[in-house]
Structures are given as structure tokens and as C-alpha cells.
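In: model the following, please.
(chains A, B and C)
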Amino acid sequence: MLIAQEFVRPIIDWHGVAPELTLLAIGAMVTLVDIIWNEKAQRIIPTLTGLGFLAALLPVLTLWSDRDELPRVMWDGAYVVDEYSLVLKGLFLVSAYVVVLLATNYMHDGDYYEGEFYQLVSASVVGMLVMTSARDLISIFVAIELISIPAYLMAAWRKRDLKSNEAGLKYMLMGVFASALMLYGMSLLYGFAGDTRLAAIAPALRSSESIPLITLAVVFVVVGFGFKVSAVPFHTWAPDTYEGAPTPLTAFLAVASKAAGFVALMSVVIVAFPEQSGVAEPLLWVLAAVTMTVGNLIAMRQTNIVRMLAYSGIAQAGYMIAPLAVFGDVPSSAARAIVIYLVIYAAMNLGAFAVVITAARKTRSGEISSYGGLFQYAPGLAVLMTLFLFSLAGIPPFGGWYAKYQVFLVLVEPATTAGYVLAAIGAVNAVLAAFYYLSIMKQMWFMPEPNGDHTRVQITPSLQAALAITAIVTLVTGVLPGVIPDVGDLVVALP
Amino acid sequence: MIDVIVFAISALIIIGGAIGVIALPNPVHAALSLIATFFGVAVLFVQQEAHFLALVQVVVYAGAIVVLFLFVIMLLGVDRAQELGVEPLAGQRAAGVAVGAVLLALVVGGLFLSGDPDRGGAVALTGQSGQVVPTVEGEQDVIQLARDLFTRHLLTFEATGILLTVATVGAVVLVRARGAEDLILDEPGTAQH
Amino acid sequence: MYSDFLRDYLIVVFFGILAFAVVGAFIGLASLVRPDRPSEAKNTAYESGVDPVDGGWSQSQIRYYIFALLFVMFDVEAVFIFPWATRLEEYGMFGLVEMTIFIFILALGLGYAWRKGVLRWV
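Out: The predicted structure follows:
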């Protein structure tokens, strides 16, 4: 029995939570603007939200410049601001800014709800910022719900389109099922450890290697996150949702939402399960191998580019799970490799979606065959798409190769058979993936335009900015991989 | 002894209610059957001395959430029958049963299987059978909850507020009319009834 | 210790049994004395004297859904306010500020629904 204690006012490190609070204020402001000026405000809301994401980036930068103070541990170790979380906060804010750029014209021209879309995006990003620092089961769960629930709603944003309704419904049903499984696993962990903080759960699991219920808890938590990152066999929602949802939101789901799932998976597995690596590693090994292989095999047969990118994203997720299959021996390098992969993947995948959205402004189609002749009427767009596809396929000198290289390095680092085999599977998959990426390039460069329509594609300023940001990041990370800051260890801190 | 009896009765109510939810042909009856399950859970909370949670269980779940369910069911129209015999995707039902059976086997197996009788199964969770989770002696659970909300889970608490607002905004967007073609919610004047 | 605690709830059980017994006794007693001659007209649902049209399972308006959802939202809000209210003075200014932020965030949702006109009852 614990002893009753007086309430002590918690000390809040305002600088440490400044990014979250800034974004919260921005989200509230956007909602207020929408309430006060209603329809009149719809034009300025995208700009306001975009600037808001950049404003929230400022405290992240000041926290980074003040690195000597790190890690900032808050609330008995339930919330930690360290280098790992700062890099990811930056990643989420910049990705969200690019998504706003992608959505600006799409939402306006399609006559969809605008103000609400940006309110929900900012709410989701608040969840992502919380997720990067959360080291506590309750915070992680609330964060993952705060990320997912706006995403369920936004997937159904094209209300008059049945496919969009299907997208939202499927995503919600699968997501809620995953949350329930995860929550069940978490409740078992709490019951066992008597504490929700990850750092307190880890030592409690030390003496319990062979308890079936704990194995079950680990499996449920990993499977729950497997749904969120669309790992095979929990990926079934992804292609339908990606195809039916508004394309800017698809970009958001494929990049930011998936990255947030990975952050949760990483934090929980690396901080809380080191003593259970005997259970978690084989599970993650199988997930990684199946995810890359199945994702690539199905991606080859797709004729719709968004579905193809969905399956390619599933395959890429397999590469990101792979380092966790050996996390027990090399936790810091595994986390480092995944963060690097996430940063590069965000840039190249958002870039590919930016090209898809731009091209669709003319072709009004998502079919791969509609990309014929792109080089003749929009050479710049074709060159950019080639850059992003090369990067996704992992061909130097674009970012993708470095991400894959880091994953392979981690896999061979502990010198175990499992690691080598997984690296081999990854290498075979990289070759498989090149096929379908190259088939799009063949369409763009060598095939004629299907309708003989050679009018130019209009690239709006916001799309230009999105294409520029993603292309620069993809190029720079490939040529000078050292620019991605080192994330160091995940801080495991209990006061 | 008395807690075993209380547990047995409420467990029967919970399972009976849950079976009713999936087995009753009329969706309104299924939703009402859910109330039985929620009440059973509330009794279990009381038994664990979590009075506040029991209250929340009755007020929020048995009260508000079931009312929301009923509105949605009435909105869709109970009188419209749907053909449930046809599977849109072949083998889906069999797969669902298989997944359910595997989940059940995992949970039951986890509870009862163990190499070490002293450490395995449900005992592993609490250290000994029948032990209640750590509580502060002589303090109501609601006060402990408040202290947690205002200390460790402060940011999470505010995030929950955002979550609730998001739910409102999203629900309004999904039912609100915009433009002339989108009359899911009728504009004033054209409304019937 | 367990049983002592549950014994307190025995009162609840007794009151429950009593409530059923009293109502059962009165209705049972009444059924013995009252005349019982059912007819089709008597068995139809009573709608203020007008003949009922259609069944009771008619489709309801989507408006109800918004109100039910807002009700759930503020119900959950009350769940969070309640623990704070039990020890108001202990949390002082700090608790007040935190709770104000929380309520403000939720009020935004209400304000939004109001501004977009979904609260209008036609």
C-alpha cells in the first residue's frame, strides 16, 4: 500500500513543451478564425496553418541549439525531450507543412471543406509531437488516437465519393481494432509492472522471460503498432484507404502517420522490451521479411499509381521494421537507422505524391498509363519524378540508397545468421522494387501521351514549393548524408 | 466467498449481454443488451474499489454512448433489413471465426499455461491471486485520479481535450450540408417533418 | 476486508429487491381487482387520441445524432472535471488554469458546431 501524499504542483519545463503548446495555440487560433469569419476565412486558413507549422519549428530549433540542456525529463520520466524526439518533431512539422502545401489547391478546387481540414491536420500533428516525447503507455495511447482519429475523418473527406467513404470506414474499423489489441497488451503490461512508464516497465520484465501472458502482451502491442505502420499481414486497409482518400491526405497518411506509428513502435520496443527481445525480435523479423516481400510483389501488379505507392510504402515499411529485428544487440544503431530512413522516406515519398497531385491537375487520372508522354509536355515534372523514383528504388546518389545502406549496416552489425538472412531478403527486394519504379519511368519517358494532348501542366506556387523542398532534401541527403543529425540514444530516464 | 459470488454473477451478466449484442436480430435490442454488459463491468469496478470508474462506466457508457448508438441505429432505419447470408468476399466469415478462435486460444492459453506454477498465468500479473492494484490507503480513487491528471499526465489530459473537439468538428463535417447537392443534413426551410 | 466492503453494498441489493417487490405487489394486486376486457382498439399505441400511423421504428433525423454526440462529449468532459472538483482548493490556481484551458478547447468544438448552424432546430 502506498502512502497518501500531498499534491505538489509539478514543475513545467515550458521550453521543453513549447513546440506542442505553440501548435496547440495555432490549432485553436485556426478554429477561432473559422468560427468568427466562417466562409470568409477559408482562403487564409491554409496559409495560417502552414505558417503555424513553421512557427512550431522555431522552439524545436531553439531546443536543438540548447543541446547541452538535453535530455529534458518531465513528469517523472513520462515525457522526455532528447535529440531523438527533436529530430522527429522537426520531421513531422516539415512533413505537415509540405502536406499543407499539397492540399491548398486540391481542397480549394475540389470544393471540399477547407477550414476543418487544416484544423484536423494540426490536431493530428499535435499528437505526433506528443508521440515523439512520450515515454509512458497512457501518453503513447492518447497520442496515437489523436493522430488516428482526425485521419479517419479526413480519409472520408470527399463525402460525395463512395470510394472515399469506403476509405474512411475501412481505415477506422481496422484502426480501432488495432487500438483495442494494443490497449489489451498495454493493460497486461501495466498489470505486470504496476507502472505505465516505459522505463519502469523494462526492469519489471527482466525476470519474466517465459511468462506466457507477458509474451502475449508483447505480441499484442507489436501487432497493434503493426496495423498502424501497415505491416503485412495487417496492411489490408492501406491500398483502399490510400486510393479513396483525398491525395494530399494520402501523402500525410503514407508519410507522417506511418512515421508516427514507427516512433511509437521504436519507443516501446527499444525502451520497454529490451528484456523481452527473445519474443519481440523473431516477431519483428518475420513482420519485416513478409512486409517487404509481399508489398513489393503486389506493387508490381498495380495499374493505379496511388495504389502502387501504397504497396511500395508497405514494402518500405518492411525495411524500417528490419533494424528492430536485431534491436536487442544494437538498440542505438537500430533507432538511428530507422530515424534516418524515416527522414529520407518522408522527403522522397512526399515528393512522389507531389508529382502525382500536380500531374493529376491535368490528366485527372491516377492510372500509370496516363503518365505517357509526361516528359514531352512537362519535362521538369518528369525529371523530378525520376529523381524521387530513383531514390525510392535506392539508386545513388539520391537519398534512398543511404537509408537502405544504414539498414543493411545495422542488420550485419551483430553478425548473427538472422541478421544476414534478413539483409539478403532486403537486397533481393531492392531488385524487385526497381522493376515497378522503372516501369513508371518507361511510361513517362518513352510512351506517347494517350490522348495526344500536349498542353502544359500548371504548377501552382504552393506545389512548386512542395516539389522544391522535397527534391532538395532527397538530393542533399543522398549526396551529403552527414547532414542528418545524429539522434544518439533513446533516453531511458527515471528521476 | 462473497466476492466470488459477486464476480460470478456479474461475469454471467457481462457475457450474456455480449452474446445478446451479436446474436439479437433487432439492432435496438442489441444496443440495449450492451447496457447489461456495461452494468456488469461497473459492478466489477465496484468490487475492485474503483468507485469512480464504476460511476463513469454507468454515466458515460451505459448512458451517453448507448444513447448515441440508438440514435445512429434509428437514423439508419431499423426497419430496413439487410441480407446477411451473402458474403461480399468469399471465405471472409470463416477467416473471421479463425482469427477469433486464435485470439481466444492465445488469451486463455496465456492465462492458464505456464512452466512455473508459482509465476505463470494470471498470478504473474499481480504477484498473488486476488491482489488489488496498488492503491493509497484511506484515499478515494477519484482523488488519486485527479492527482495523476494534474501531475504526470498533464499534457495527455489536454490532448484528450483536443481529441474530444476533433470528434465534434469531424462529426459536424460529416453530417453538414455544403452546396445544393449535398443535402445530407437539410438546410432550414427544406427540412421535412 | 473484501467481504466487509461488499457488505456495504448489501443495502443496495436489499433496496433493489424491495423496489421490485413493492411494484410487483401493487401491480399484481391491481390485476386481481381490475376488470380485464382487451380489444384491438385498446391495444394500439396511445398517441394523444389520434390514430397512430406506421410503426414505431421510423427513421429519425440526423439532427438527433449531433446532439447525442455533443452530449457524449460534454459527458466525458464532466468525467474529467469531477476529480478536479473533489479537491478544488488543493490544486489552487494551477488546477484552475489547466481546467480553463481544457474547457476552452472543448468550448471551441461547441462554438464551431453553433457557428456552422448544426445546432439550429427547425
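
In: please count neighbours and contacts with C-alpha atoms only from this point.
Out: Noted.

In: show me the strands in the chain, by range?
Out: Using chain A. Shown for chain A, the strands assigned by DSSP state E span residues A:72-74, A:79-81.

In: not quite, go with chain B.
Out: Remark: strands of chain B are absent; assignment by DSSP E.

In: flag the helix or strand of it with the lowest per-element mean pLDDT.
Out: Using mean pLDDT, DSSP states H and E, the weakest-scoring helix or strand in chain B turns out to be helix B:123-126, at a mean of 54.

In: coming back round to it: so which of the strands of chain A comes closest to chain C?
Out: Set against chain C and scored by CA to the nearest CA, the strands of chain A come closest in strand A:72-74, at 16.8 Å.

In: so for the closest one, mean pLDDT?
Out: For strand A:72-74, mean pLDDT rounds to 81.

In: tell me the buried residues in it?
Out: Going by neighbour count (16 or more other CA atoms under 10 Å in any protein chain shown), the buried part of strand A:72-74 is A:72-74.

In: returning to that earlier point: will you turn the strands of chain A into a markdown table that also has distance to A:Gln464?
Out: Shown next, in a markdown table, are the strands of chain A (distance: least, CA to CA, whole Å):
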| stretch | distance to A:Gln464 |
| --- | --- |
| strand A:72-74 | 38 |
| strand A:79-81 | 34 |
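
In: CA atoms of stretch A:422-430 as CSV?
Out: Extracted in CSV, the C-alpha atoms of stretch A:422-430 (Å, rounded to 0.1, in the frame of the first residue of the first chain):
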residue,chain,number,x,y,z
LEU,A,422,17.2,-10.6,-43.4
ALA,A,423,19.8,-8.4,-45.1
ALA,A,424,19.8,-10.9,-48.1
ILE,A,425,16.0,-10.7,-48.3
GLY,A,426,16.2,-7.0,-48.3
ALA,A,427,18.7,-7.0,-51.1
VAL,A,428,16.5,-9.3,-53.2
ASN,A,429,13.6,-7.0,-52.6
ALA,A,430,15.5,-3.9,-53.6
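
In: what does it contact?
Out: With contact meaning CA atoms under 8 Å, 6 or more residues apart in numbering or on different chains, stretch A:422-430 is reached by A:285, A:289, A:292-293, A:296, A:319, A:322, A:393-394, A:408, A:411-412.

In: which residues does A:Pro239 contact?
Out: Listed by CA under 8 Å, 6+ apart, the contact partners of A:Pro239 are A:307, A:310-311.

In: likewise A:Arg307?
Out: Per CA under 8 Å, 6+ apart, neighbours of A:Arg307: A:239-240, A:242-243, A:299.

In: do A:Ala334 as well
Out: So A:Ala334 contacts A:323-324, A:326-327, A:407, A:410 (CA under 8 Å, 6+ apart).

In: one more time with 7 Å
Out: Applying CA atoms under 7 Å, 6 or more residues apart in numbering or on different chains, we find A:Ala334 in contact with A:323-324, A:327, A:410.

In: which one of the residues you listed sits closest to A:Ile270?
Out: Among the contacts of A:Ala334, A:Phe327 lies closest to A:Ile270 (CA to CA), at 7.0 Å.

In: ok, that closest one to chain C distance?
Out: Distance check for A:Phe327 against chain C: by CA to the nearest CA, to the nearest Å, it reads 39 Å.

In: tell me the phi and psi of that residue?
Out: phi -70, psi -20 (degrees, to the nearest 10).

In: any idea how far it lies from A:Met107?
Out: 42 Å (CA to CA, to the nearest Å).

In: pull the number of nearby residues for A:Ile201.
Out: Counted with other CA atoms under 10 Å in any protein chain shown, the neighbours of A:Ile201 add up to 23.

In: and it, how far from chain C?
Out: Distance, A:Ile201 to chain C, by CA to the nearest CA: 27 Å.

In: wait, that residue sits on A:Phe192?
Out: No: the pair A:Ile201 / A:Phe192 is not scored as a contact, 8.3 Å apart, by CA atoms under 7 Å.

In: can you count the residues close to B:Leu24?
Out: Each residue near B:Leu24 was counted by other CA under 10 Å, and the total is 13.

In: nearest spatial neighbour of it, skipping sequence neighbours?
Out: Closest residue to B:Leu24 apart from its sequence neighbours, by CA to CA, 6 or more residues apart in numbering or on different chains: B:Ala30 at 5.5 Å.

In: I'd guessed the one you found sits against B:Val21; true?
Out: Yes: if you go by CA under 7 Å, B:Ala30 and B:Val21 touch, sitting 4.2 Å apart.

In: what about those two, which has more around it?
Out: Per other CA under 10 Å, whichever of B:Ala30 and B:Val21 has more neighbours is B:Val21, with 22 against 19.

In: which of the contacts of A:Ala334 lies closest to A:Thr31?
Out: Nearest to A:Thr31 among those: A:Leu324, at 39.5 Å, using CA to CA.

In: once you drop chain neighbours, what's closest to the closest one?
Out: Closest to A:Leu324 by CA to CA, 6+ apart is A:Ala334, at 6.1 Å.

In: distance check, the one you found against A:Val269.
Out: A:Ala334 sits 11 Å away from A:Val269, going by CA to CA.

In: let me know the pLDDT of the residue in the stretch 301-450 of chain A that chain C sits nearest to.
Out: Closest residue of the stretch 301-450 of chain A to chain C, CA to the nearest CA: A:Ile357 (30.0 Å). A:Ile357 carries a pLDDT score of 86 in this model.

In: how near is it to chain B?
Out: Per CA to the nearest CA, A:Ile357 is found 24 Å from chain B.

In: tell me the pLDDT of the nearest residue to that residue once chain neighbours are set aside.
Out: Leaving aside its sequence neighbours, A:Ile357 sits nearest to A:Thr247 (CA to CA, 6+ apart; 6.8 Å). In this model, A:Thr247 is scored at 86, pLDDT.

In: ok, A:Thr247 to chain B distance?
Out: 19 Å.

In: compute the number of surrounding residues for that residue.
Out: 24.

In: list the buried residues in the lengthiest helix in chain C.
Out: For chain C, the helix with the greatest residue count under DSSP state H is helix C:88-115. Buried residues in helix C:88-115, counted by 16+ other CA under 10 Å: C:90-91, C:95, C:98-99, C:102-103, C:105-106, C:108-113, C:115.

In: closest to C:Ala45 among the residues you listed?
Out: Distance to C:Ala45 across the buried residues of helix C:88-115 (CA to CA) is lowest for C:Ala113, with 36.3 Å.

In: B:Leu68 - nearest residue in space that isn't next to it in sequence?
Out: Nearest residue to B:Leu68 in three dimensions, chain neighbours excluded: C:Ala68, at 5.3 Å (CA to CA, 6+ apart).

In: buried sites along the helix or strand where the one you found lies?
Out: Using DSSP states H and E, C:Ala68 sits within helix C:62-86. Buried residues in helix C:62-86, counted by 16+ other CA under 10 Å: C:62-66, C:68-80, C:83-85.
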